[in-house]
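K.L.:
predicted structure and sequence below. I'll ask about it afterward.
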Amino acid sequence: MADVQKRVEAALERALPPAEHEPQRLHRAMRYAVLGSGKRVRPLLAFAAGEVAHSPFERLDAVACAVELIHAYSLIHDDLPCMDDDVLRRGKPTVHVEFDQATALLAGDSLQSLAFEVLAAGRSAEEPATEIEMLHTLARASGTRGMAGGQAIDLAAIGIPLTLPELEFMHILKTGALIRASVVLGARCGRTLGASEFGKLDRYAKCIGLAFQVVDDILDAASPTATLGKTAGKDAVQGKPTYVSTLGLARARERAQELRRDAHAALESFGAEAARLRDLADFIVLREF
Ligand code: GRG
């Protein structure tokens, strides 16, 4: 993990505009949001899926940067006063607090564009048709049928109790879509996988995407701000429907373990090449921040 995190940090550093280039304030805000922290779960998943498909590292660099840039943009926008209104992210002041709201909005916009620029710039797959499909995958995962759509449902659900299927639908889009895309894109960089192999990876990705959110809800309810690096306990204060509010803490913990088992089961027919994906499923469920 540490090796990939270091590699991705260097690739992000290269991809981001230099702070001393105009418009300096915007570039500084982008770099502030992206560099130096974050677990890099989505890049780690892309690299781990890449191992299954023997994807070359240089291609994985581009995919890893693209998914992390989309993720960083979503965090900046999510923290804005018009959305989650938060002042702390990754253990430091949020971008609109450190800079200002207009800069934060533009930094998010620019990171989103940069993600597609990075993915489109290099050879991310053997076949041009696969490269176009990969751009499509990232666009779809980020838009109304993915992250932004999930966020819209989330904002509309404040104060409204959701059923478990409604909650899961929201999170499959909001958090799950980009996590799923990270696995799919990492796998697409390498040899062409058969439909059955690809289907299994996709099933794994769906399970851990959901597990990630279940654990996020548990941590929000049960961990202190200092450990999380973001304001703890906000979901309950804001009246947000979560796995904890819907299922209770104990059942939410069981659901996370259930999804971890399903994720492992999806990888059953793979050998050692999927070891890192298995480890990441464990990391996602057992993490404490
Ligand atoms: C603004 C279009 C738009 C979407 C925002 C993903 C999202 C949608 C908002 C983030 C809010 C949030 C805290 C969601 C819970 C799951 C999540 C994405 C947590 C943060 O991801 P980590 O834990 O963060 O991977 P680090 O800092 O480690 O990268």
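P.N.:
The structure has been received and is ready for your questions.

K.L.:
could you use CA atoms for every contact and neighbour count after this?
P.N.:
OK.

K.L.:
residue 240: which element?
P.N.:
For residue 240, there is no enclosing helix or strand under DSSP states H and E.

K.L.:
what residues does this structure put near the ligand?
P.N.:
38-41, 74-75, 77-78, 90, 147-148, 151, 174-175, 213, 216 (CA under 6 Å from any ligand atom).

K.L.:
drop anything exposed from those.
P.N.:
In the residues of the chain next to the ligand, burial by neighbour count holds for 40-41, 74-75, 77-78, 90, 147-148, 151, 174-175, 213, 216, counting by 16 or more other CA atoms under 10 Å.

K.L.:
what are the ranges of the helices in the stretch 101-250 of the chain?
P.N.:
Along the stretch 101-250 of the chain, the stretches classed as helices by DSSP state H, counting those that start in this stretch are 101-121, 128-142, 147-156, 164-171, 177-188, 195-222, 225-228, 234-237, 243-247, 249-266.

K.L.:
looking at those, which is buried most?
P.N.:
Among the helices of the stretch 101-250 of the chain, helix 177-188 has the highest mean neighbour count (mean count of other CA atoms under 10 Å), at a mean of 28.

K.L.:
show me the one of the helices of the stretch 101-250 of the chain that comes nearest residue 34.
P.N.:
helix 101-121 (9.0 Å; CA to CA).

K.L.:
so what touches the closest one?
P.N.:
The contact list for helix 101-121 (CA atoms under 8 Å, 6 or more residues apart in numbering) reads 15-16, 25-27, 29-30, 62-63, 65-67, 69-70, 72-74, 76-77, 80, 95-96, 131, 135.

K.L.:
same question, stretch 256-272
P.N.:
Applying CA under 8 Å, 6+ apart, the external contacts of stretch 256-272 come out as 200-201, 203-205, 207-208, 210-211, 214-215, 274, 278, 281-282, 285.

K.L.:
repeat the analysis, applying 10 Å as the threshold.
P.N.:
51-52, 197, 199-215, 218, 243, 251-252, 254-255, 274-275, 277-286 (CA atoms under 10 Å, 6 or more residues apart in numbering).

K.L.:
just say helix, strand or coil for residue 77.
P.N.:
Recorded secondary structure, residue 77: helix (DSSP: H, G, I helix; E, B strand; the rest coil).

K.L.:
dump the buried ones among the residues of the chain next to the ligand to JSON lines, plus pLDDT.
P.N.:
Formatted as JSON lines, these follow (pLDDT from 0 to 100):
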{"residue": "40", "pLDDT": "97"}
{"residue": "41", "pLDDT": "97"}
{"residue": "74", "pLDDT": "98"}
{"residue": "75", "pLDDT": "98"}
{"residue": "77", "pLDDT": "98"}
{"residue": "78", "pLDDT": "97"}
{"residue": "90", "pLDDT": "95"}
{"residue": "147", "pLDDT": "98"}
{"residue": "148", "pLDDT": "98"}
{"residue": "151", "pLDDT": "96"}
{"residue": "174", "pLDDT": "96"}
{"residue": "175", "pLDDT": "95"}
{"residue": "213", "pLDDT": "93"}
{"residue": "216", "pLDDT": "93"}
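
K.L.:
much appreciated, bye for now.
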